[in-house]
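> Could you look at this predicted model? Sequence included:
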Amino acid sequence: MLPAAWRFEQLWGNGRRATRARSPNEFYAYMAHPVARGIDPLTGKDADLSSRAIAGRGDDLAAVLGVPKDELADVTAVVYHSWERSRQRIAAADVASNTLVAAAGAPWPFFKWDKDQRYYLENFRAALDAPGEWFLARDGTLSHMPLPGEDLSQAQVIAPVCGQFVRFKGDATGSVEHITLKGLAFEYAGYLLPPNGQGDAQAAHSIEAVIVADAARNLTIEDCAIAHTGLYGGWGLYTDEGSTGITMENNLVYNTKTGGFHQHYGKDNLIRNNIFAFPSQHQLQRTRKEDHLSFTFSNNIVVWDAGKLLDGQWQDPNVRLSHNLYWRSAGKPIDFAGKCFADWQNSGHDEGPVIAGPQFVDAQARHFRLKRANAAVAAIGFKPFDFTRAGVYGEAAWKQLAAARRYPPLAIPPLPPPP
Ligand SMILES: [Ca+2]
């Protein structure tokens, strides 16, 4: 039992973020259909509900439809919008239509980006049913289901008491200057969802960071740890939103889902001497044609077994490809943006391409050291680099901290059920 006035939305047990009671317990549910308009439960008037009404499928909403009316506003719907997600408080639940209505809208109508609209619900008592989940009742009762082997009587459990640690605030009349933060740990910050929820077009920009500097110069943050904040954070190498004059070289990128390299908006970037291997959908992606040189892609090795080589826009002259090696497993034929290799070579889009196996030690086992210098790799001017040196560097304790980190195995969500 905690003071009822102490509300928080994050909790950590033994340094691990606990899961706020949610339903379904993993992945997401799917909305049944869009709802364009209806009665706004807050005003009683007809309103646009296209980004507020969640029509349930099957019995997905059964548990939440039983939440007492005065606790509904605590229930949060987390709705996915392609690259973003909104967090929306529930204003009303209608059993007859199997629908929830959020207090405020999301940045886009539901179903705008996906034909299968995904969401999950969190923070109601009936959702507390899986190990690792927690729920803070209105009266201050904190419930937590232990993980296997976890003894809550011995656990260090931490709830946040503030949302921001440091704020440097200069203004037009004078900046904050020459301050060093050294050897400090900034940990366990909270975030409280506002009454109208939160949703941004990108990057949760309406939410402040735990350390904020406005009109500041010559600040140094050195040997500090920033961890367990109220918030959280595709492609392999990705240049976007005006990335200009950037060189990306000597990188090993493999097992990504979409492009090993992707540029959306950008100018005069150089992607050179990298190894791109085994994305599952496509290898290289250029989304925008712009009226300037997007990037130069040269001296790279690209190997794959599934998906196409080039996705997006590759036919205009504002992208330069030169001296790259392409290899599709077992020498299978390659489609170059709709062209065969001979037509692609004649198209003038790609200077000196080579199709040949690069002879890695064991590509299937993801050992990407080159067995020996070979003519094909030499022909594209590729210079081998020591990718075993990649990763966290610095003091021994810092490297150990990173090495001790354990990640759960990758879980792929199931496909949506039939409507
Ligand atoms: Ca649950």
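Ah, there it is.
> domains of this protein?
Here the domain parsing of the chain from automatic domain parsing is 12-144, 166-227, 237-385.
> looking at the ones you listed, which is closest to the ion?
Among those, domain 12-144 comes nearest to the ion, with 4.3 Å by CB to the ion. For glycine as for every other residue, the C-beta is placed from the backbone atoms N, C-alpha and C.
> got the residue ranges for the helices in this protein?
For the chain, the helices defined by DSSP state H cover 62-65, 341-346, 375-379, 396-403.
> Mind telling me which of those helices the model trusts least?
Note on the helices of the chain: lowest mean pLDDT is at helix 396-403, with a mean of 89.
> Which neighbouring elements make contact with that one?
Applying 3 or more CB pairs under 8 Å, 6 or more residues apart in numbering; DSSP states H and E, one finds that helix 396-403 contacts no other helix or strand.
> How about residues contacting it?
When contacts are defined by CB atoms under 8 Å, 6 or more residues apart in numbering, helix 396-403 is touched by residues 391-393.
> try stretch 63-72
Residues outside stretch 63-72 that contact it (CB under 8 Å, 6+ apart): 23, 75, 90-93, 95, 98, 100, 121, 124-127, 138.
> at 6 Å instead, please
Under the contact criterion CB atoms under 6 Å, 6 or more residues apart in numbering, stretch 63-72 has outside partners 23, 90, 93, 95, 121, 124, 126.
> for stretch 216-233, same thing?
Under the contact criterion CB under 6 Å, 6+ apart, stretch 216-233 has outside partners 10, 12, 163, 168, 170, 175-191, 210, 213.
> now with 8 Å?
9-10, 12, 15, 17, 158, 160, 163, 168, 170, 175-191, 204, 207, 210-211, 213.
> Now intersect those with the strands, please.
Mapping the contacts of stretch 216-233 onto strands (DSSP state E) picks out 12, 17, 158, 168, 176-182, 185-187, 211, 213.
> Now, of the contacts of stretch 216-233, which are buried?
Neighbour-count burial (16 or more other CB atoms under 10 Å) is assigned, among these, to 9-10, 12, 158, 160, 163, 168, 175-176, 181, 186-191, 204, 210-211, 213.
> For V392, give me its contacts.
For V392, the contacting residues are 398-399, 402-403, by CB under 8 Å, 6+ apart.
> and which of these is nearest the ion?
Set against the ion, the nearest of these by CB to the ion is A402 (31.2 Å).
> How many residues are close by that closest one?
With neighbours defined by other CB atoms under 10 Å, the count for A402 comes to 11.
> any weak-confidence spans in the stretch 101-250 of the chain?
231-234 (pLDDT under 70).
> all strands of it, in order?
Taking DSSP state E, counting those that start in this stretch, the strands of the stretch 101-250 of the chain run over residues 118-122, 133-136, 142-144, 157-158, 166-169, 176-182, 185-187, 211-214, 216-222, 225-227, 237-239, 243-244, 247-249.
> Figure out how far the second one is from the centre of its chain.
Just to be clear, that refers to strand 133-136. 24 Å (CA atoms, centre = their mean, to the nearest Å).
> how much space between A21 and G183?
As for A21, its distance to G183 is 37 Å (criterion: CB to CB, to the nearest Å).
> quick one: which of the helices of the chain is nearest E133?
Among the helices of the chain, helix 62-65 comes nearest to E133, with 13.1 Å by CB to CB.
> do the closest one and the ion meet at all?
No - legend: contact between helix 62-65 and the ion by CB under 5 Å from the ion is lacking; minimum distance shown is 8.8 Å.
> what bridges to R328?
W304 (DSSP bridges).
> list the contacts for it?
R328 neighbours (CB under 8 Å, 6+ apart): 303-305, 309, 334.
> do you know how far it is from D214?
For R328, the distance to D214 (CB to CB) stands at 50 Å.
> chain center to stretch 36-49: distance?
Put simply, stretch 36-49 sits 33 Å off its chain's centre (CA atoms, centre = their mean).
> Close to the ion: what parts of the protein are there?
Proximity of the chain to the ion (CB under 5 Å from the ion) is limited to residues 25, 127, 129-130.
> Of these - the most surrounded one?
A127 leads the residues of the chain next to the ion on contacts (other CB under 10 Å) with 23 neighbours.
> number of nearby residues for the residue lying closest to P41 once chain neighbours are set aside?
Nearest residue to P41 in three dimensions, chain neighbours excluded: A92, at 3.4 Å (CB to CB, 6 or more residues apart in numbering). By the criterion of other CB under 10 Å, A92 has 18 neighbours.
> tell me the pLDDT at A92?
For A92, pLDDT reads 97.
> Hmm, it is touching T43, no?
No - counting by CB atoms under 8 Å, T43 is not a contact partner of A92; they are 11.3 Å apart.
> mind listing what D114 touches?
80, 82.
> now swap in T244 and tell me
Contacts of T244 by CB under 8 Å, 6+ apart are 266-269.
> For P317, see how far away the closest residue to L270 other than its chain neighbours is.
Nearest non-adjacent residue to L270, counting by CB to CB, 6+ apart: T247, 4.5 Å away. To P317, T247 is 21 Å away according to CB to CB.
> The nearest residue to W344 once chain neighbours are set aside: what's it in contact with?
Sequence neighbours aside, F336 is the residue nearest to W344 in space, at 3.6 Å (criterion: CB to CB, 6+ apart). By CB under 8 Å, 6+ apart, the contact set of F336 is 309-310, 314, 343-344, 350.
> what's the spacing between the nearest residue to D129 once chain neighbours are set aside and H144?
In space, and not counting its chain neighbours, D129 is closest to N25: 7.2 Å by CB to CB, 6+ apart. As judged by CB to CB, N25 and H144 stand 15 Å apart.
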